[in-house]
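[1] following is a predicted model, sequence given first.
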Amino acid sequence: MAYKHIQVPEGEKITIQNGQLQVPDRPILGFIEGDGTGPDIWRASQPVLDAAVEKAYGGKKKIAWTEIYAGEKANAVYGEAVWLPEETLDFIREYRVAIKGPLTTPVGGGIRSINVALRQELDLYACVRPVQWFEGVPSPVRHPELVNMVIFRENTEDIYAGIEWAAGTSEAKKLLEFLKAEFPKAYGKIRFPETAGVGIKPISQEGTYRLVEAAINYAIANNLPSVTLVHKGNIMKFTEGAFRDWGYRLAKEKYGAQDLDGSPWQILKNPRTGGDIVIKDMIADNFLQQILLRPAEYSVVATPNLNGDYLSDALAAQVGGIGIAPGANINYYTGHAVFEATHGTAPKYAGKDQVNPSSVILSGEMMLRYLGWTEAADLILSAMTKTIAQGRVTYDFHRLMVAEGRPATLLKCSEFGQALVENMG
Ligand SMILES: NC(=O)C1=CN([C@@H]2O[C@H](COP(=O)(O)OP(=O)(O)OC[C@H]3O[C@@H](n4cnc5c(N)ncnc54)[C@H](OP(=O)(O)O)[C@@H]3O)[C@@H](O)[C@H]2O)C=CC1
Ligand SMILES: O=C(O)CCC(=O)C(=O)O
Ligand SMILES: [Mg+2]
C-alpha cells in the first residue's frame, strides 16, 4: 500500500500462517512517539531495543523502525483535527505490530481517546498487562515479591465503547424520553432525569469468551495456577455478572473445567503440564483489598475494561508504580498487536528528560518476546535487574529510595536507557 506521510524503510512484513506469527529477520515495525513525555521516553527506549537485538543476534536480525503518527504529532503532519490518521491504522493492519507512547485525552469535552480508538479500530481485544516486581525497586508494600500477576483487560467493550450523551443535549433527552415511554419503571430510577448525562455499557458473550480464552491460554502456556474473573456482577448483573457467568461457561465448554467444591469455582487440567488451573471469581472491590493483603493467591486476572484500567494502576503501585508497568494490546486471532505502557503522558514532566522509560522499554521487551526474539527480550530483563540493583534509577524510584535511606544515583530518562545498554555487556 502507498502511504502519504509514512516512509516505509527497507524490510519485510510480519505475516501469520496457521495462527503462527511469521517474523522475518528485518521486520518493519511501526512506532508512535506519543504526546507529553512520549518523545523523551521513546528517545531513551529505542536504542535499548536496538542494542538488545544487536547483542543477541550480532546483526543477523534488525528492526526496520517506521514512524507512524497519532495525537499531537499527527496534527503537525496531517493537519489540525487529524488525531488518528486512517493511514496509521492501515499501516498497522498491513505490517501487524507496532509500539506506541502515551497519547493525551482531554477530560470532559474534546476528542475521545485515541488510545481507545486504536484498540477498537484494530480490534485489539486483549489488553495484557504483566505486573511483576524487580529486585530492588522501592515499593509501598512489605512484600512486593508476592505480586506476580498478568491482567487480561477486555479492550473493546464496556463503557469504553464511548456511547454516552451529555446532560441536556437533544440526544440525551431523546433517549430519556424513549426510556420513559418504553421502560417507565427503569426511567423512574433515574434520580434527576432533567440534568442526567447518560451512558451505555455493552458487554457481550463473544467479547467475554475471546478475552477469557486468551487468559486461560496464557495460564496454560505459562503453567500458571489460576485465572480470576474480576467483576462487579452483584450490582451490574447483566453486564459484569454475565462476564463472570460466560467466563465460567467458556472454561467448562472449551477446556472441560469441572466444578470445584460445589461451584462456582472450577478446576481444569493444564493439557501441557497436567497441572491444575483454578478458575475463580471475585467482586472487584473485594479484589482491590485482596491484592494488597493476599497477592500471592492471584496469578492471571481476566476482567472487563474499566475494572482493568483501575486495577492496572493499582497493581503497578505495589511493584513500584506506573514508571515500570508495561503492556500490550493484542488480537490473538489476527496477530495484530500494539505494545504500550500502562501510564499516560505525565504532562508536567514533558521535555524534561526525567521520567522513567522502563514501562515502554518493558513493553518493547514484551514485543520482542511476542516476535519470538526471546534472547533479546531476556537481555533487556537482565539489564533492567542489574541497573536497578546498582541503584541507578530515575526520579520516581530515587525519591522513594532516598526516603527509605537507601543509596541511589539519580539518572535522567536518557541516562537510564544508556545504563541499560551498558549493562547488556
Ligand atoms: N495509553 C495511554 O496513552 C494513556 C494515556 N493517558 C492520558 O495521559 C494524560 C495524563 O494522565 P494522568 O492521569 O496524569 O496519568 P499519567 O499516567 O500520565 O501520570 C500520572 C502520574 O504517574 C506518574 N508517572 C506517569 N508516567 C511515569 C513515568 N514514565 N515515570 C515515572 N512516573 C510516571 C507521575 O507521578 P508523579 O506525579 O508522582 O511523579 C505522573 O504524574 C491524560 O490525557 C490521559 O488521558 C493516561 C493513561 C494511559
Ligand atoms: O486513553 C486514555 O487517555 C487513557 C487510557 C488508560 O488509562 C489506559 O489504557 O490505561
Ligand atoms: Mg489507565
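    All right, it came through fine. Ligands and ions are numbered 1, 2, ... in the order given.

[2] near ligand 2, which residues of the stretch 201-350 of the chain? Just list them.
    309, 312, 342, 344 (CB under 6 Å from any ligand atom). (C-beta placed from N, C-alpha, C; glycine too.)

[3] out of the residues you listed, who's nearest ligand 1?
    Set against ligand 1, the nearest of those by CB to the nearest ligand atom is residue 344 (2.2 Å).

[4] state the distance from the nearest residue to that closest one once chain neighbours are set aside to residue 143.
    Take residue 344 and drop its neighbours on the chain: the residue closest to it by CB to CB, 6 or more residues apart in numbering is residue 102, 4.7 Å away. Distance, residue 102 to residue 143, using CB to CB, to the nearest Å: 30 Å.

[5] can you check residue 48 too?
    From residue 48 to residue 143 the distance is 29 Å (CB to CB).

[6] more neighbours, these two?
    residue 48 (26 against 11; other CB atoms under 10 Å).

[7] okay but that one is in contact with residue 416, surely?
    No. Residue 48 lies out of contact with residue 416 (CB atoms under 8 Å); the separation is 9.1 Å.

[8] give me the common contacts of the two.
    Residues touching both residue 48 and residue 416 (CB atoms under 8 Å, 6 or more residues apart in numbering): residue 357.

[9] what about the longest helix in this protein?
    Counting by DSSP state H, the longest helix found in the chain is helix 38-57.

[10] is it in proximity to ligand 2?
    No. Judged by CB under 6 Å from any ligand atom, helix 38-57 stays clear of ligand 2, getting no closer than 12.3 Å.

[11] list the buried residues of that helix.
    The neighbour-count check on helix 38-57 (16 or more other CB atoms under 10 Å) flags 38-42, 44-56 as buried.

[12] doesn't residue 14 make contact with residue 95?
    Yes. Shown here, residue 95 and residue 14 form a contact pair, counting by CB under 8 Å, at 6.5 Å.

[13] follow-up on the earlier one: neighbours of the residue nearest to residue 344, how many?
    Neighbours around residue 102, by other CB under 10 Å: 26.

[14] contacts only, for it.
    For residue 102, the contact set (CB under 8 Å, 6+ apart) comprises 34-38, 115, 340-341, 343-346.

[15] any idea how far it is from residue 162?
    Per CB to CB, residue 102 is found 19 Å from residue 162.

[16] ok, residue 414 next?
    Residue 414 is 36 Å from residue 162, by CB to CB.

[17] more neighbours: which of the two?
    The residue with more neighbours, out of residue 414 and residue 162, is residue 414; 17 against 12, by other CB under 10 Å.

[18] tell me which element that one falls in.
    Per DSSP states H and E, residue 414 falls inside helix 413-422.

[19] tell me what that helix is packed against?
    Contact analysis of helix 413-422 by 3 or more CB pairs under 8 Å, 6 or more residues apart in numbering; DSSP states H and E lists helix 38-57, helix 358-370, helix 374-389, strand 392-393 as its packing neighbours.

[20] which residues touch that helix?
    So helix 413-422 is contacted by 37, 40-41, 43-45, 47-48, 51, 353-358, 361, 380, 383-384, 387, 390, 392-394, 411 (CB under 8 Å, 6+ apart).

[21] is ligand 1 contacted by that helix?
    No. Against ligand 1, helix 413-422 shows no contacts by CB under 6 Å from any ligand atom, the least distance being 7.9 Å.

[22] could you give the angle of that helix to helix 358-370?
    For helix 413-422 against helix 358-370, the angle by axes from the mean of the first three to the mean of the last three CA atoms, to 10 degrees is 40 degrees.

[23] quick one: average confidence on helix 413-422?
    Mean pLDDT, helix 413-422: 98.

[24] return the backbone torsion pair for residue 215.
    phi -70, psi -40 (degrees, to the nearest 10).

[25] and the gap between it and residue 303?
    From residue 215 to residue 303 the distance is 9 Å (CB to CB).

[26] so between those two, which is more surrounded?
    Higher neighbour count among residue 215 and residue 303: residue 303, with 33 against 28, using other CB under 10 Å.

[27] how about the helices of the stretch 1-150 of the chain, start to end?
    For the stretch 1-150 of the chain, the helices defined by DSSP state H, counting those that start in this stretch cover 38-57, 72-78, 86-95, 114-121.

[28] not counting residues beside it along the chain, what's closest to residue 264?
    Leaving out its chain neighbours, the residue that sits closest to residue 264 by CB to CB, 6+ apart is residue 248, at 5.9 Å.

[29] OK, contacts around residue 201?
    Counting by CB under 8 Å, 6+ apart, residue 201 makes contact with 158-159, 161, 236, 239.

[30] which of those has the largest number of neighbours?
    Neighbour tally across those (other CB under 10 Å): the maximum, 24 neighbours, falls on residue 158.

[31] quick one: that one from ligand 1, how far?
    The gap separating residue 158 from ligand 1 is 16 Å, by CB to the nearest ligand atom, to the nearest Å.

[32] by proximity to ligand 1, which residue of the stretch 151-300 of the chain wins?
    residue 155 (11.0 Å).

[33] what's that residue in contact with, if anything?
    Applying CB under 8 Å, 6+ apart, the residues contacting residue 155 are 119-120, 124-127, 211, 305, 329.

[34] same check, this time on residue 392
    Here residue 392 is in contact with 408-409, 411, 415-416, 419 (CB under 8 Å, 6+ apart).

[35] please repeat the previous calculation with a cut-off of 6 Å.
    Residues in contact with residue 392, defined by CB atoms under 6 Å, 6 or more residues apart in numbering, are 409, 411, 419.

[36] now do the helices in the stretch 251-400 of the chain.
    Using DSSP H, counting those that start in this stretch, helices in the stretch 251-400 of the chain cover 284-293, 305-318, 358-370, 374-389, 395-403.

[37] how about the ones you listed in TSV, adding mean neighbour count, mean pLDDT and distance to residue 137?
    Converted to TSV, the helices of the stretch 251-400 of the chain look like this (neighbours: other CB atoms under 10 Å; pLDDT from 0 to 100; distance: least, CB to CB, whole Å):
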stretch	mean neighbour count	mean pLDDT	distance to residue 137
helix 284-293	15	97	17
helix 305-318	20	98	10
helix 358-370	25	98	9
helix 374-389	19	98	6
helix 395-403	18	96	6
